[in-house]
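>>> One predicted model, sequence on top.
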Number of protein chains: 2
Amino acid sequence: MGRVTLQTIADRVGVSRMTVSNAFSNPGELSAAMRERVLAVADELGYVGPDPAARTLASGTAGTVGVVLTETLQGALTDEVAMTFLGSIADELAPTGLALTLLPSSSREGIVPARDVAIDGAVVYLCDPSSSAVGWLLRRRLPVVFVDQNPAPGIPSVNVEDRSGARAAAQHIVDLGHRNVAIVTTGVPGEFGVIDDPLAVGAAYVERQRLLGWLDALGAAGIRPTTVRQPHSSTEDMGYEAGQLLVARTPRPTAILCFSDALAAGVVRAIHDAGLKVPDDISVVGFDDNPLSRRMRPALTTVRQDVEAKGRAATTALTTAMERAKRGTVARSNRHLVLPTELVVRDSTAKPPRRKR
Amino acid sequence: MGRVTLQTIADRVGVSRMTVSNAFSNPGELSAAMRERVLAVADELGYVGPDPAARTLASGTAGTVGVVLTETLQGALTDEVAMTFLGSIADELAPTGLALTLLPSSSREGIVPARDVAIDGAVVYLCDPSSSAVGWLLRRRLPVVFVDQNPAPGIPSVNVEDRSGARAAAQHIVDLGHRNVAIVTTGVPGEFGVIDDPLAVGAAYVERQRLLGWLDALGAAGIRPTTVRQPHSSTEDMGYEAGQLLVARTPRPTAILCFSDALAAGVVRAIHDAGLKVPDDISVVGFDDNPLSRRMRPALTTVRQDVEAKGRAATTALTTAMERAKRGTVARSNRHLVLPTELVVRDSTAKPPRRKR
DNA sequence: CCGCGCTACTGTACCGGTAAAGCACATCGA
DNA sequence: TCGATGTGCTTTACCGGTACAGTAGCGCGG
């Protein structure tokens, strides 16, 4: 017995294939009685429903939305902030029935899911700007939204006030009286260790914005920070490594600004393991307001961003763009949304310890 | 100007559509010179590559694999263990070019991504057994692998030795001399609080296996544990709540067995916040060997499972099943793989404190 | 000089649906 | 009584590819 298709059912019921199609996809287009009959026969024949692939081809909608992440996925997937963002998108998308397809930035030669998987649109989130994935999406003329990426003309984007948030964090440290300040950042290409001019090497967009913000406030106070570059992902273990390096330095910094809360948690752990106290000996500031920052002891001073709002905004921007694309409107929207950030002072920052000179 | 398709290019080059198709999809099937010509013209016309939807329909492969998760996704996505598993799958899949599509267990009426999205196969992972998603996947006759689900005949599955792992954890506690033991579990339907007979209410599969393991060892030692049911997801905050409840109980338990490390971390935090010490006052055991358990202070005694191996096994099972399906082999494999677990004793367990009677 | 096999391309036949226009018949207001 | 308006189903025309079975031309051994 061959495969059961709309035609099989149509023949059996004695109606046109179109009527069967409508029974599944447009219940309003036929009488309730006919729909009953069709569905009954379909059930009897073991029909599962319209084939997704065929429907995608004919109707032009795939029923799923892509998310472009880092190359390896593994790093992104274990980042609580990133996954909260993704979850927010998923929850927003749920009522529409759209699924979420994870697209690796690109792997080896010739394998480009961003080019070869059927999707209705995409969110570009943790993508290496040098990756080819984005280029393919744009060439496919798919509706795309940039999140935490360098905003590009003609492409809707969602960002947060990274720079002013970082500036507020650094200003908070300056106001407390710190003069010997360190920075721990990721996403700057190169080897692990202290670097001279963090802005000289090309950092990813968000990384650069936060760097700029920190340097805004520190520079105005005449402070030249010690910067530790952690090229790998922004995890707690990476923070631990950076923290170990910093506590061993002379003079030892009295405050450490971290690119993320996860990184900050590792830094705090390294400080504790070195027998020092936060914030008595060293103040630590994170970024993101990861739920982790509230669980930590001491609770972490950080810069809050509303990741769920970011997800909602991204979803709205994407669905808007998708509808526009379906209606054939050519004009690309170029709304560039920037969500606020806010310094949240908790227990990990205090005045620097008294100097003995 | 209409859309550029294979035909457009074929006409322009003066060859058949099939040749153009081969230029993109089967480079071995035509001469290098011809391929060059075709690709050059394609590029000139701004052709992006074969349309994924059409290719899916014609060739019968979608280029993506589904993962059925919890209903809301949000919970699953912020679980480090779950995401490590997912990352492992993604990494295994990367060389094959397959993407990963997240399918919510099912949401409201009529919206069933598991039925309506084109996929080549699926991993069923954190799925509520009552969900309709799995039923649809099976009806579609898609290759499916169950992971951490109740193994079903005819469906390949991957599980870990939950029961014996849990038994080892409880035995460890018994051997240390504990007699007043508590259990914190999730996935058991009902309200938060202490319950009498944890096995009476229908727990999800893994939850039940671990319960059985704990009770094996405790029962043999004549211990009847206090069980706290935490119906929500297995997060640190849920553990905190359960921990608060347990430290306030009289008599206070001297050891707490937790369904997961995340839960255990919350329990430990609650114990600390109550002014007690782990393991001096209360011993705590987790499950999973979440990276978190090594970062915690004290480092957590737990039951290790190799989540990455689980991901690899699931991927292998799935790709095998997919190839088999493609070759038209009807016979379903019913390999039921069970990976080992291992008790890892760290610093969160010790002898019970001296009783004052 | 023939036939054989190989390479490189072509032709035909789908894959399983949906959109949109068409058409027959019923209903309704004027 | 007649056109206007629906309702419910059918017809036609794709959507953009791939699989597979040809077939033309060509080098080559005998």
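All right, it came through fine.

>>> tell me which parts of chain A are close to DNA strand D?
Counting by Cβ under 7 Å from any atom of the strand, the residues of chain A close to DNA strand D are A:14-19, A:22, A:29-31, A:33-34, A:54, A:57-58. All C-beta atoms are positioned from the backbone trio N, CA, C, and that covers glycine.

>>> Could you list which of those belong to helices?
Counting by DSSP state H, the part of these found in helices is A:17-19, A:22, A:33-34, A:54, A:57-58.

>>> So which of the residues you listed reach chain B?
For chain B, the contacts drawn from these by Cβ under 8 Å from any Cβ of the partner chain are A:54, A:57.

>>> Throw the ones in helices among the residues of chain A next to DNA strand D into a markdown table and include pLDDT, neighbour count and distance to DNA strand C, thanks.
Listed next are those as a markdown table, based on pLDDT from 0 to 100; neighbours: other Cβ atoms under 10 Å in any protein chain shown; distance: Cβ to the nearest atom of the strand, whole Å:
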| residue | pLDDT | neighbour count | distance to DNA strand C |
| --- | --- | --- | --- |
| A:17 | 95 | 14 | 5 |
| A:18 | 95 | 13 | 5 |
| A:19 | 96 | 20 | 9 |
| A:22 | 96 | 18 | 7 |
| A:33 | 94 | 8 | 15 |
| A:34 | 94 | 16 | 14 |
| A:54 | 97 | 16 | 3 |
| A:57 | 97 | 20 | 4 |
| A:58 | 96 | 13 | 3 |
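
>>> just curious, which of the ones in helices among the residues of chain A next to DNA strand D is nearest to residue B:334?
residue A:54 (30.8 Å; Cβ to Cβ).

>>> Nearest spatial neighbour of the closest one, chain-adjacent residues omitted?
Distances taken as Cβ to Cβ, 6 or more residues apart in numbering or on different chains put residue B:57 closest to residue A:54, at 5.3 Å, once the chain neighbours are dropped.

>>> what's the answer for residue A:342, then?
Residue A:342 sits nearest to residue A:304 (Cβ to Cβ, 6+ apart), 4.8 Å away.

>>> Show me the beta-bridge partners of the one you found.
In this entry, residue A:304 is beta-bridged to residue A:288, residue A:342, by DSSP bridges.

>>> Against residue A:160, how distant is it?
10 Å (Cβ to Cβ, to the nearest Å).

>>> Just want to know which of these two has more residues nearby.
Between residue A:304 and residue A:160, residue A:160 has the larger neighbour count (other Cβ atoms under 10 Å in any protein chain shown), namely 26 against 18.

>>> dump the residue contacts of the more buried one.
A:148, A:305, A:310, A:338-341 (Cβ atoms under 8 Å, 6 or more residues apart in numbering or on different chains).

>>> Likewise for residue A:19?
Here residue A:19 is in contact with A:10, A:13, A:30, A:34, A:38 (criterion: Cβ under 8 Å, 6+ apart).

>>> Give me the residues contacting the helix or strand where residue A:337 lies.
Here residue A:337 sits within strand A:336-339, counting by DSSP states H and E. Defining contact as Cβ under 8 Å, 6+ apart, one finds that strand A:336-339 is touched by A:151, A:156-161, A:305-306, A:309-310, A:313, A:317.

>>> Now go through the residues you listed and say which are in helices.
The members of the contacts of strand A:336-339 that map onto helices under DSSP H are A:309-310, A:313, A:317.

>>> quick one: buried residues of stretch A:64-84?
Neighbour-count burial for stretch A:64-84 flags A:64-84 (criterion: 16 or more other Cβ atoms under 10 Å in any protein chain shown).

>>> quick one: the lowest-mean-pLDDT helix or strand in chain A to chain centroid distance?
Within chain A, no helix or strand scores below helix A:74-77, which has a mean of 85 by mean pLDDT, DSSP states H and E. Distance of helix A:74-77 from its chain centroid, counting by Cα atoms, centre = their mean, to the nearest Å, is 11 Å.

>>> quick one: contacts for the closest residue to residue A:42 other than its chain neighbours?
Leaving aside its sequence neighbours, residue A:42 sits nearest to residue A:9 (Cβ to Cβ, 6+ apart; 5.1 Å). Residue A:9 makes contacts with A:20, A:38, A:41-42, A:45, A:47, as judged by Cβ under 8 Å, 6+ apart.

>>> ok so, going back, how about the residues of chain A next to DNA strand D, which pair is most distant?
Of all pairs drawn from the residues of chain A next to DNA strand D, the greatest distance, 30.9 Å, lies between A:33 and A:57 (Cβ to Cβ).

>>> What segments of the stretch 1-150 of chain A are helices?
A:6-13, A:17-25, A:32-45, A:52-59, A:74-77, A:80-93, A:113-116, A:133-139 (DSSP state H, counting those that start in this stretch).

>>> Between these, which one is closest to residue A:284.
Judging the helices of the stretch 1-150 of chain A by Cβ to Cβ, what sits closest to residue A:284 is helix A:80-93, at 17.2 Å.

>>> what angle sits between the closest one and helix B:80-93?
Interaxial angle, helix A:80-93 versus helix B:80-93 (axes from the mean of the first three to the mean of the last three Cα atoms, to 10 degrees): 80 degrees.

>>> which SS class is residue A:302?
Under the three-state scheme (DSSP: H, G, I helix; E, B strand; the rest coil), residue A:302 adopts strand.

>>> The closest residue in space to it that isn't next to it in sequence: how many residues sit nearby?
Distances taken as Cβ to Cβ, 6+ apart put residue A:286 closest to residue A:302, at 3.9 Å, once the chain neighbours are dropped. Counted with other Cβ under 10 Å, the neighbours of residue A:286 add up to 32.

>>> From residue A:50, how far off is the residue located most distally from the centre of chain A?
The outermost residue of chain A, judged against the average C-alpha position, is residue A:14 (51.5 Å), by Cα atoms, centre = their mean. Distance of residue A:14 to residue A:50, given as Cβ to Cβ: 20 Å.
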